[in-house]
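> Make a model of this:
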Amino acid sequence: MNDKRYDLICFDVDGTLVRHPSNMVIWEVLNLRYGGSREINRLRYQMYCEGKLSYERWVQLDVQTWIDAGATRDEIIDAVREFSLFPGARESVHELGKRGYKLAVISGTLDILLETLFPDHPFDTVFTNRIFFDDDGRLEAWQATRYDSHGKPVALREIAQRNDIPLSRTAYVGDGENDIPLLGVTGCFVAFRPRSRTLAEGADLVIKDDGLHKLLDIFH
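Residues are numbered from 1 along each chain as shown. Next up, the predicted model:
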């Protein structure tokens, strides 16, 4: 008999599983490295929020800038190394898997971030943006996720349906404004060090600690 209150736990990545010393996400780091600026990051985000820029076009603008600058796999991995897993991330996620939870990632991050910092992850499903390299290791293409921001509830429903899990028995752990669309959709929203007041006020639980160990108390 399954006595767990939840069966599926989904995670964001930047700011949730991994952190940067300057609290940036991987997109910001790579844009700065390849000739962009904080102002470009801000303007593109604003245009996306105002509906003047589609998500796919936003991804295209950023990644094409990196391609034009000659970005390589080694350079991007070097940038990824600026990030680190939050304390308790690896141990807690693996323990949750051992406890029988289905685990997934629904994030606007890049696949290379998770692959580099958490190659031994136990996630059953991973929805992120993807980038591709040619035989010489040069960045050459990308695939924008359909499941960031307002697409996150779509992904959650898809994963839940695939595993025959009601939404009331799903949980999500996130920290940013692009996680807000999941409020009221998932059975339990855990805001980890939330960067959004709306998220903090709407979440079922808030973790203010500098690590993810409390997840093991929340999900018995």
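
> For the helix or strand of the chain with the lowest mean pLDDT, buried residues please.
Within the chain, no helix or strand scores below helix 38-49, which has a mean of 85 by mean pLDDT, DSSP states H and E. Buried residues in helix 38-49, counted by 16 or more other Cβ atoms under 10 Å: 40, 41, 44, 45, 48. Quick note: C-beta positions are derived from backbone N, CA and C, even for glycine.

> do stretch 31-39 as well
31, 32, 33, 34, 36.

> And it, how far out from the chain middle?
Distance, stretch centre to chain centre, for stretch 31-39: 21 Å (Cα atoms, centre = their mean, to the nearest Å).

> Show the end-to-end separation of that stretch, please.
10 Å (Cα to Cα, to the nearest Å).

> which other residues reach the longest helix along the chain?
Identified as the longest helix of the chain according to DSSP state H is helix 55-68. Helix 55-68 is touched from outside by 27, 30-31, 34-36, 44, 47-48, 53, 76, 129, 131, 138-140, 142, 144, 148-149, 151, with contacts defined as Cβ atoms under 8 Å, 6 or more residues apart in numbering.

> Ok, stretch 23-43 next?
14-15, 20, 62, 65-66, 69, 71, 75-76, 79-80, 82-83, 108-110, 113.

> just to revisit the earlier point, export the buried residues of helix 38-49 to CSV and tack on distance to residue 206?
Converted to CSV, these look like this (distance: Cβ to Cβ, whole Å):
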residue, distance to residue 206
40, 32
41, 27
44, 29
45, 24
48, 26
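
> Quickly list the domain ranges of this protein.
Under automatic domain parsing, the residue ranges defining each domain of the chain are 8-20+85-218, 26-80.

> Of those domains, flag the one that's most buried.
With neighbours defined as mean count of other Cβ atoms under 10 Å, the domains of the chain peak in mean count at domain 8-20+85-218, which reaches a mean of 19.
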